[in-house]
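1. make a model of this:
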Amino acid sequence: MANDDNSKYLEGNYSDNPFKAVKEWWEDEEQARELADAEEYMKAYMEYEKSKREEHHYLVDGAVLKCTRCTMEPKKPFDKEFTAPEGSDKVILKVTKNKRYLNGAGQYFATIADSKKFDNIQPFGNCDNPPDRDDEKKALIMAGESEELLKLGNCRYLMELNDEWENMISEVGYAETAELNEAGVEGITMEAILFCKHGGFIYPDTSGYIPTDNIIIDEPEEEQELIEPDASDPEAVKKYMCLFFRSKGLSREAVAGIVGNVQSECSFNLAEAKRINPNRFGLFQWGNSDGRLQAFNKWAKDNGRDINLISAQCEYAYEEMKNGGMLSVILDVNENNSSELMCNYTALENAKSPEEAAKIFATSFERCYTRYYFDSDRKMHYDDIQASFER
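-> Sure, this is the predicted structure:
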């Protein structure tokens, strides 16, 4: 065996029961040795694939990934059948750690830290490796009570990713190497793996790269002074909102989602907002029924702010967003939403598109549901959101 460092392949998470823990440890050691051997095979395979490749690119936002233990076959633990959704043998990489370096097609380069479950990598369909830890078994048993969750596959309950990708071949000869390394950024090559402690290797199927001749450095937007806009000028209000939320570090996608919701709520016009619903106030339509308008008034009084100012409304909305004002809600599959969507502030920060951000903000912050319910785990679900297309 060429690789003597098996520690990275130990799943850990042993049972509290000492007899069971010993058995798990022994099986863990055996699997670690097997995976270390498999790593050598993966490296040889990647060297072979590299030799056949005509073009070599770092992975970018939108790269397609596969897993060695993914299967599309149904799995039936505990007499409950988990089915793999169509197309779930491949997932799309979402880049979140690099927000500056792009290729000429405007695609962000992925880094070895783009390794977080759900944030960067969605679960695959089903896993060929059975559950071998108490918490995994418990999660599968609970998920088995829901017909909808059974249709999402079991990988989401078994996936446990390492902290970083590992580039298997150090000398890749890629054209972008110098630029990326000089900036202190380690990209992910096509010859990389990300290990899942449940026993699988995640690896690139395609880089997602649209070939171009040069790298773009996305310099930070030129800082613009935030000047209180004329509240009667919708275009000035919209521009201020864009600048304000971008200045807080939110992505373009997230800001577009927020602005799309305010467009739908009141068209950036406070007089229009009052006309539409006299019982609500402001750009974000705060109301008294849930105590949010009272909380806004208290915040304004405590901070010496005028709630009629656009700046005050944006500042308080951001305070709410960051400090619990965005509920954790699941937006169910419906005609406007092709897959289940978790909605909260973290999801808004990592939204993949303006459309997704708009749905997240509408669900979690605006709370404009058509119907809601709680599942057996007391998690809140929305069937759909009002004026989904407009938002």
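2. what about the residue nearest the centre of the chain, which SS state?
-> Geometric centre of the chain, nearest residue: residue 119, 2.9 Å, by CA atoms, centre = their mean. Following DSSP: H, G, I helix; E, B strand; the rest coil, residue 119 is assigned to coil.
3. residues contacting it?
-> Contact partners of residue 119, counting by CB atoms under 8 Å, 6 or more residues apart in numbering, are 94, 96, 346, 350. Quick note: C-beta positions are derived from backbone N, CA and C, even for glycine.
4. and the top strand by length along the chain, what does it pack against?
-> Longest strand of the chain, by residue count under DSSP state E: strand 200-206. On a contact count with 3 or more CB pairs under 8 Å, 6 or more residues apart in numbering; DSSP states H and E, strand 200-206 meets helix 18-52, strand 64-67, strand 192-196.
5. which one of these is the most hemmed in?
-> Stretch with highest mean neighbour count among those: strand 192-196 (a mean of 23; mean count of other CB atoms under 10 Å).
6. mind giving me the packing neighbours of that strand?
-> So strand 192-196, by 3+ CB pairs under 8 Å, 6+ apart, packs with helix 18-52, strand 166-167, strand 200-206.
7. tell me the strands beside the shortest one, with direction?
-> Spelled out, that is strand 166-167. strand 192-196 (antiparallel) (DSSP bridges).
8. export the partner strand as CSV, just CAs?
-> C-alpha atoms of strand 192-196 as CSV (Å, rounded to 0.1, in the frame of the first residue of the first chain):
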residue,chain,number,x,y,z
ALA,A,192,-8.9,16.4,-7.8
ILE,A,193,-11.0,14.5,-5.3
LEU,A,194,-13.1,15.4,-2.3
PHE,A,195,-13.4,12.6,0.1
CYS,A,196,-16.8,11.8,1.8
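9. chain center to that strand: distance?
-> Strand 192-196 sits 18 Å away from the centroid of its parent chain (CA atoms, centre = their mean, to the nearest Å).
10. that one to helix 18-52, inter-axis angle?
-> Orientation check (axes from the mean of the first three to the mean of the last three CA atoms, to 10 degrees): strand 192-196 against helix 18-52 gives 160 degrees.
11. what does strand 192-196 contact?
-> With contacts defined as CB under 8 Å, 6+ apart, strand 192-196 is touched by 8-9, 35, 39, 42, 59, 67, 69, 112, 115, 121, 159-162, 164-168, 201-204.
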